Each structure stands twice: as structure tokens, then as C-alpha cells.
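Peer 1: After the sequence you'll find the predicted model.
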Amino acid sequence: MMRGRLVVDNRVFLLGLDELYRVRMKSHERRELLECARRVAGKLDVRPANVPVEGYYAEEAALTEYFRLLRALQEQPNSRTAEVENEPAYERLYEVTSAPLFGRPRNEEQFLPVGRDALSEALFRTRPVWTIPTLTAAAHEAGRAMDDFSLVGLAAIGQDPVVLAALRESVVLYSELMYVGCALGEPPEVEWRVDEELARQAARFIATFNALFPDGSPLPSPSAKNAEVYWSACDPKSVVGRCVRLGYDDGPKYYHWAITWAEGGLIVDDFWAPEIWTTTRYRAERLGFAARKV
């Protein structure tokens, strides 16, 4: 039997990195970061925000609690920093939310900052005319100009809107909102075909993540020796239905990107709606299947 060949290109690598990131980040969020959020919220007498649960945070109760607590804390005025600035829990939350994993902190004077990544910058530069081609190109340009190695910044390098939508949904809590199988037989060869620039910037993202969470399972280096790891982690089917809110107008109406199928391939569906659409809702109402862990 002929030996098969599996190619790890930019999309496979980034979707694989995204899955590896999500697994590790959820572990930190449901344990350490949730406890930090509880302590800070308790100190400030802040209750969880009553908002739609976006991204993967609807998958389990602990993640939902963390999402709503962090959303509530993100809304606190900077004047309240004095009440908790010496609390290790607050210092840890600030360290995570201001990390370059999520772009540049939009305002370091915020109680808890959100990141401006390449896509946020593209939304800012192109408003009020937002389209998939325009934003994809603008995000690519912004990522280069900003030297952005955030998760979304990495997606912007490849100018792939499917990857942009998928990875932005993974970091929805920390980002700025803008006004397959193989036949049996000999193991297949896995070929590394990731652009050099993307691998270089990804190495910075991975090093930052591993330094920020030294007690967890580290992300693997973006190199040919780990090609099989990224291939195994990449599951394009798992990103179908991911829906992320990117911006809004005075309506208010909200601008979304969602990943769906068309003619056998993944595409991005962009739409405005008067309500916030989440991944759970998009999958149930637009694609017709119930939410599941992905």
C-alpha cells in the first residue's frame, strides 16, 4: 500500500494550535482564573453579568460562571482598582487580560483591559463599511504593522477568513469589541508546509502562553518535529457554527462572523442582528444541531 502524505499548511497548523490552546486555556479558566475572578468580585461586591454567553463558555457551568464574572469585572471603572490593587487574584487577572496573547491592551488604565488585535484594528480602520474581504485584507495589513503575534494576529497572516473567525471566537472574552481520516496501512508522512513568518510569530505566541501558565501542559513549538501533533489537533468540522460578535452600531445592531458550509467547504457568513448571536444559538437556529462540546 502506498504511503499517504498529510500536509500541515497554514490552516491546519492554526486550527490545530487553536484546539491545543482551547484545551489548555479552559483548564486554567475553570480552575485558577475562576477562583481569582470569584475573589475579586467578592471583594468588590460585584455580581455576574447577565449577558449572552459567547464562545466556548456555554459548554460547562464553571466556564459560564467565569465568563459572566469577567464580563462584570471588565465593566468596573478604573477608580475601583485601589480596592483590590494589592490582591494577588486581581494582579493575576490583570496579567492574563493584558497579555499579548490577545493583542495590545486597548487601555492599560482600564480595571481589566481588553486586547486590540489585528482584526479589532481592521474593524476600527474600515468602519463603517465592514465586509469579509475588506476586513480580511485589512487585518493582514494591521497584523504586520502592529507586529501582532496574538492568536488572531496569527490568523491574520494567512488572510483566511475561516481561520480568523474560528480563532477570534476562541478569545472572545479577552478581545476588544469594535463602535478526514486515513486508510489503514503504513503510517502517513506528515509534511510541514507552514509559512516561515507565521511559524516565527506563532513561536512568540506559544512562548508567551507557556510563560504565562508555567504549571500547565505547554503548547508545542511550531516546527516540523511537531507537525503530527498539529495535524492530529486540527479538526475543521469542530469549527463549523462558531459565531463571534465583532462590532456594533447605534441601533444598536451587532456585526457577526460565523463559520458554515457551502459547496463542501468552510466559508464565513457575516450578518448584522439586533441581538447578540452566540455559537450555541447559531448552531441551533442556523445549522439545526444542538450545542456540543468542540
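Peer 2: Arrived safely.

Peer 1: Could you give me the buried positions within the host helix or strand of S232?
Peer 2: Assessed by DSSP states H and E, S232 sits inside helix 227-233. If you call a residue buried by 16 or more other Cβ atoms under 10 Å, then helix 227-233 has these buried ones: A227, E228, V229, Y230, W231, A233. Backbone N, C-alpha and C define where each C-beta goes, glycine included.

Peer 1: wait, which of those is closest to Y94?
Peer 2: Within the buried residues of helix 227-233, the smallest distance to Y94 is 29.8 Å, found for A233 (Cβ to Cβ).

Peer 1: In contact with the closest one: list those residues for me.
Peer 2: When contacts are counted by Cβ atoms under 8 Å, 6 or more residues apart in numbering, A233 touches L15, G16, L17, E19, L20.

Peer 1: mind checking how far it is from E83?
Peer 2: Separation of A233 from E83 (Cβ to Cβ, to the nearest Å): 41 Å.

Peer 1: what about dumping the CA coordinates of stretch 282-290 to PDB?
Peer 2: Taking C-alpha atoms only, stretch 282-290 is exported to PDB below (Å, rounded to 0.1, in the frame of the first residue of the first chain):
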ATOM      1  CA  TYR A 282     -26.100  30.000  15.500                       C
ATOM      2  CA  ARG A 283     -25.600  26.200  15.600                       C
ATOM      3  CA  ALA A 284     -29.100  25.600  16.800                       C
ATOM      4  CA  GLU A 285     -31.000  28.100  14.700                       C
ATOM      5  CA  ARG A 286     -29.000  28.400  11.500                       C
ATOM      6  CA  LEU A 287     -27.400  25.000  11.200                       C
ATOM      7  CA  GLY A 288     -30.000  22.900  13.000                       C
ATOM      8  CA  PHE A 289     -28.000  21.000  15.500                       C
ATOM      9  CA  ALA A 290     -27.700  21.300  19.300                       C
END
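
Peer 1: buried set for it?
Peer 2: Of the residues in stretch 282-290, those scored as buried under the neighbour-count criterion (16+ other Cβ under 10 Å) are Y282, R283.

Peer 1: quick revisit: Throw the buried residues of helix 227-233 into CSV and include distance to F149 and pLDDT, thanks.
Peer 2: Shown next, in CSV, are those (distance: Cβ to Cβ, whole Å; pLDDT from 0 to 100):
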residue, distance to F149, pLDDT
A227, 20, 97
E228, 24, 94
V229, 20, 96
Y230, 17, 97
W231, 22, 95
A233, 19, 96
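
Peer 1: With distance to P220 added, can I get those in TSV?
Peer 2: TSV is the format used below for the buried residues of helix 227-233 (distance: Cβ to Cβ, whole Å):
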residue	distance to P220
A227	10
E228	10
V229	5
Y230	8
W231	12
A233	9
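
Peer 1: So, low pLDDT: which residues of the stretch 1-150 of the chain?
Peer 2: When residues are selected by pLDDT under 70, those of the stretch 1-150 of the chain lie in 1-3.

Peer 1: And the helices in it?
Peer 2: Under the criterion DSSP state H, counting those that start in this stretch, helices of the stretch 1-150 of the chain are mapped to 10-28, 34-44, 61-74, 81-84, 88-97, 118-126, 132-146.

Peer 1: quick one: the longest one to chain centroid distance?
Peer 2: What that stands for is helix 10-28. Here the centre of helix 10-28 is set off from its chain's centre by 9 Å, with Cα atoms, centre = their mean, to the nearest Å.

Peer 1: Point out the other helices and strands that that helix packs with.
Peer 2: Helices and strands in packing contact with helix 10-28 are listed as helix 151-157, helix 161-170, helix 196-212, helix 227-233; criterion 3 or more Cβ pairs under 8 Å, 6 or more residues apart in numbering; DSSP states H and E.

Peer 1: Of those, flag the one that's most buried.
Peer 2: helix 151-157 (a mean of 30; mean count of other Cβ atoms under 10 Å).

Peer 1: what does that one contact?
Peer 2: Residues from elsewhere that reach helix 151-157 (Cβ under 8 Å, 6+ apart): 10, 14, 17-18, 21, 101-103, 117-120, 122, 139-140, 142-144, 146, 148, 163-164, 166-168, 170-171, 175, 195, 197-198, 201-202, 205.
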